[in-house]
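>>> Could you work out the structure for the sequence below:
(chains A and B)
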Amino acid sequence: MTRYVFIESRDPFESRDTQFIEETAIAVKERGHEVTVFLVQNGVLAARESVRRLGRLADAGVTVLADDLSLRERGITAQELAPGVRESGIDALVDALVEKNTKALWH
Amino acid sequence: MNNRRLTLALMDPPYESANSTTALRIISAALEKGIDVNVFAYEGAVCLPLKDQAPHANPVKGTTVEDESHPTTKAFISSLLEIGKDKPLLTWVNCGLCVDERGASNVVDGVKRGSPADFFKMASESTNTLVIPTK
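Numbering: from 1, shown residues only, chains lettered A, B, ... in the order given. From the prediction side, this is the model:
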């Protein structure tokens, strides 16, 4: 089994490319791999429950983490996060990156 | 564990993108965990450790250089190189051609000059490699 870490830095309202990450993450998960999506910078704008963006990821069993500093910079509180999205420090991303058999993709 | 090693390829110039801040945070967190880090700075990223960077006042707000306490990427990188001078080890290589194109050779101590061949070697010898491209 390979682990995949997708790092999404882009604002979902600025670029439809973010949908590519969502679809790819789900497709990889469906093939039996462990998948984490780490939201950072403007990528965390998708993490709010009110925008209804990431439900498919959570339903598919993808781990979705949102960078704590990026959330704070944008005034997003933990209470606003969509179900299945967890606030996380950058150290969690580092831990994921140095796991064996991990492929990382920045978007 | 000291045998873990992370390689980052950076491309964004300083003060352009939040990518630079995130990259520096990743390097800092990795060093804190005892993980060796390689950085290959490409294109505009070779200006991140430029020694000529200077903090500035804000004339609009009427604040001084000291009031602003403006962070420079060169200062962050100097600090990270100090933390990563042995174990864990931070190796920072600027792409030589990118440096020459930009006249960006006056960099902080500890930054090396290299080529994409160094990046290939770094990636080959690392636990993982993360490429952070420009948008």
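
>>> So the closest residue to B:G114 other than its chain neighbours: helix, strand or coil?
Nearest non-adjacent residue to B:G114, counting by CB to CB, 6 or more residues apart in numbering or on different chains: B:V93, 3.9 Å away. (Each C-beta comes from the backbone N, C-alpha and C, glycine too.) Secondary structure assignment for B:V93 (DSSP: H, G, I helix; E, B strand; the rest coil): strand.

>>> can you tell me which helix or strand A:A58 belongs to?
Assigned by DSSP states H and E, A:A58 belongs to helix A:55-59.

>>> Need the residues that contact that helix.
Residues outside helix A:55-59 that contact it (CB atoms under 8 Å, 6 or more residues apart in numbering or on different chains) are A:E22, A:A25, A:I26, A:V37, A:V64, A:A82, A:P83, A:G84, A:V85.

>>> Over to stretch A:75-92?
Stretch A:75-92 is contacted from outside by A:38-40, A:44-45, A:47-55, A:57-59, A:63-69, A:71, B:22, B:25-26, B:29, B:32-33, using CB under 8 Å, 6+ apart.

>>> From these, keep the buried residues only.
A:38-40, A:44-45, A:47-48, A:53-54, A:57, A:63-69, A:71, B:22, B:25-26, B:29 (16 or more other CB atoms under 10 Å in any protein chain shown).

>>> Contacts for stretch A:23-42, please.
With CB under 8 Å, 6+ apart, stretch A:23-42 has contacts from A:1-11, A:14, A:21-22, A:46-47, A:54, A:56-57, A:60-67, A:70, A:74, A:85, A:88, A:90, A:92-93, A:96, B:18-19, B:22.

>>> 7 Å - rerun?
If you take CB atoms under 7 Å, 6 or more residues apart in numbering or on different chains as the criterion, stretch A:23-42 is touched by A:1-11, A:21, A:46-47, A:56-57, A:60-67, A:70, A:93, A:96, B:18, B:22.

>>> Start and end of that stretch, how far apart?
Taking CA to CA, to the nearest Å, stretch A:23-42 runs 19 Å from one end to the other.

>>> where do the helices sit along the chain?
Picking chain A for this. Using DSSP state H, the helices of chain A run over residues A:18-30, A:55-59, A:68-73, A:90-97.

>>> My question was about chain B, not that one.
Using DSSP H, the helices of chain B run over B:18-32, B:65-68, B:73-83, B:96-102, B:116-124.

>>> okay, those helices in a markdown table with distance to chain A and mean pLDDT next?
Output for those, formatted as a markdown table (distance: least, CB to the nearest CB, whole Å; pLDDT from 0 to 100):
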| stretch | distance to chain A | mean pLDDT |
| --- | --- | --- |
| helix B:18-32 | 4 | 98 |
| helix B:65-68 | 18 | 94 |
| helix B:73-83 | 14 | 98 |
| helix B:96-102 | 19 | 98 |
| helix B:116-124 | 12 | 97 |
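
>>> just those helices: most buried one?
Of all the helices of chain B, helix B:18-32 has the most neighbours on average by mean count of other CB atoms under 10 Å in any protein chain shown, namely a mean of 21.

>>> still on that earlier bit, just the buried residues of the contacts of helix A:55-59.
Those of the contacts of helix A:55-59 that meet the buried threshold are A:E22, A:A25, A:I26, A:V37, A:V64, A:A82, A:G84, A:V85, by 16+ other CB under 10 Å.

>>> partner residues bridging the fourth one?
Meaning A:V37. A:V37 forms beta bridges with A:F6, A:V64, as assigned by DSSP bridges.

>>> returning to that earlier point: could I get the CA-only coordinates of the helix holding A:A58 as PDB?
What follows is helix A:55-59, C-alpha atoms only, in PDB (Å, rounded to 0.1, in the frame of the first residue of the first chain):
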ATOM      1  CA  GLY A  55     -18.100  16.100   2.000                       C
ATOM      2  CA  ARG A  56     -17.200  13.600  -0.700                       C
ATOM      3  CA  LEU A  57     -13.600  13.400   0.600                       C
ATOM      4  CA  ALA A  58     -14.700  12.600   4.200                       C
ATOM      5  CA  ASP A  59     -17.400  10.100   2.900                       C
END
